[in-house]
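Enquirer: Sequence and predicted structure, then a few things I'm wondering about:
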Amino acid sequence: MTAPFGVLDLAPELEHFTVDTAAGPLTAFRVRPQGPSRGVALLVPGFTGSKEDFRLLLPLIAAHGWEVVSYSQRGQADSAAPAGIENYRLDDFAADAVTVAHEIGRGGPVHLAGHSLGGLVARAALLRSPALFTDLTMLCSGPGGRAGAHEAEAELVADHGTLAVWALDHPAGSPLTADDEFVRDRLIASSVDNILGGIRILQSTPDSTADVRATRVPTLIAHGDTDDAWPIPAQKLMAEQLGAQYRVIPNAGHLPNLDNPGFTAALLDEFWASTS
């Protein structure tokens, strides 16, 4: 068991633990169903995120009968943060996801979902080890990188540290909610190399849609109805090219796991039930 990170009020069902990886120990949450498990699922957070992004979603998924885990990727929040941007390539993040999936799956297949940048990581993990995963969900994610994405943020972080981007929207002395304080503290704890490495991935990752389709692993593409981080037409086209299920989550933006966790949990339950 590990201690909770930050100031958030967390559900008591959240079990804190760590997984040893090539990067070092990565912190994780697990929620187990009250009755027999219908399977194991792994959720991968996105850019500047952490396991806490799924704090509302995990108990709702477990209520449907799934054992579900989220983790903070290398360099995020209280996970291990190896020094050097060369340790934050897409392959490095994907290798960590495979390691975590092996650990939590205990030799069995795992349902895999990734949010935003975590969707690119999940996709790369699937391509590394397709037999390990029952299916793939890309949540508010896209087919590949976009040149110039987050370029201004990269310059700010390189020059002034991880907190610089957060400070743009939170002038000194402005009132802060508990969520604001958590995001601030998470950015302070996160690695500059993680942020810069993530930006490189978001800018330069090639489109591997054809490779994912070739695995024949069932895939779901889903996003909030007002997602403004990844172009919605690109997500819909990716679903068509994959032959994937495609769903729009109502009353949600780029973070449906926080904006509408009940609908998101039911959507994942429906998809995983169809592939199990």
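Expert: Alright, I've got the coordinates.
Enquirer: Hmm, residue 184 is touching residue 166, no?
Expert: Yes - using C-beta atoms under 8 Å, residue 184 is in contact with residue 166, at 5.7 Å. Quick note: C-beta positions are derived from backbone N, CA and C, even for glycine.
Enquirer: Any stretches of this structure with poor pLDDT?
Expert: Scanning the chain with the threshold set as pLDDT under 70 gives 1-2.
Enquirer: In contact with the residue nearest the centre of it, which residues?
Expert: The centroid of the chain falls nearest to residue 45 when counting by C-alpha atoms, centre = their mean (1.9 Å). Applying C-beta atoms under 8 Å, 6 or more residues apart in numbering, one finds that residue 45 lies in contact with 51, 53, 54, 70, 71, 72, 73, 76, 115, 118.
Enquirer: what about the strands in the stretch 1-150 of the chain?
Expert: Secondary structure of the stretch 1-150 of the chain by DSSP state E, counting those that start in this stretch: the strands cover 15-21, 24-31, 40-44, 67-71, 110-115, 133-139.
Enquirer: Just the buried ones among the contacts of residue 45, please.
Expert: 51, 53, 54, 70, 71, 72, 73, 76, 115, 118 (16 or more other C-beta atoms under 10 Å).
Enquirer: How about the last one, nearest residue that isn't a chain neighbour?
Expert: Pointing back at residue 118 there. Leaving out its chain neighbours, the residue that sits closest to residue 118 by C-beta to C-beta, 6 or more residues apart in numbering is residue 44, at 3.6 Å.
Enquirer: All the helices of this structure, in order from the start?
Expert: Here the chain has its helices, by DSSP state H, at 57-63, 90-105, 117-128, 151-160, 163-168, 178-189, 192-204, 209-215, 232-242, 256-259, 261-275.
Enquirer: got the buried residues for the last one?
Expert: Of the residues in helix 261-275, 261, 263, 264, 265, 267, 268, 269, 271, 272, 275 count as buried by neighbour count, 16+ other C-beta under 10 Å.
Enquirer: if we can go back for a sec, and the residue nearest to residue 118, how many neighbours?
Expert: Other residues within reach of residue 44, judged by other C-beta atoms under 10 Å, total 35.
Enquirer: and it, bridged to which residues?
Expert: Partner residues in beta bridges with residue 44, using DSSP bridges, are residue 114.
Enquirer: isn't it right up against residue 114?
Expert: Yes - contact status for residue 44 versus residue 114: in contact at 3.9 Å, counting by C-beta under 8 Å.
Enquirer: neighbours around the residue nearest to residue 3 when sequence neighbours are not counted, how many?
Expert: Once flanking residues are discounted, residue 3 sits nearest to residue 16: 6.9 Å by C-beta to C-beta, 6+ apart. Using other C-beta under 10 Å, residue 16 is surrounded by 16 other residues.
Enquirer: Please spell out which residue in the protein sits farthest from the middle.
Expert: Outermost residue of the chain (C-alpha atoms, centre = their mean): residue 173, 31.1 Å.
Enquirer: what's the spacing between that one and residue 167?
Expert: 12 Å (C-beta to C-beta, to the nearest Å).
Enquirer: Please apply the same query to residue 225.
Expert: From residue 225 to residue 167 the distance is 30 Å (C-beta to C-beta).
Enquirer: again with residue 93
Expert: From residue 93 to residue 167 the distance is 26 Å (C-beta to C-beta).
Enquirer: the more surrounded of the two?
Expert: A count of neighbours by other C-beta under 10 Å puts residue 93 above the other of residue 93 and residue 167, at 27 against 14.
Enquirer: Contact partners for the nearest residue to the more buried one once chain neighbours are set aside?
Expert: Distances taken as C-beta to C-beta, 6+ apart place residue 121 nearest to residue 93, at 4.4 Å, with adjacent residues excluded. When contacts are counted by C-beta under 8 Å, 6+ apart, residue 121 touches 44, 73, 90, 93, 94, 97, 114.
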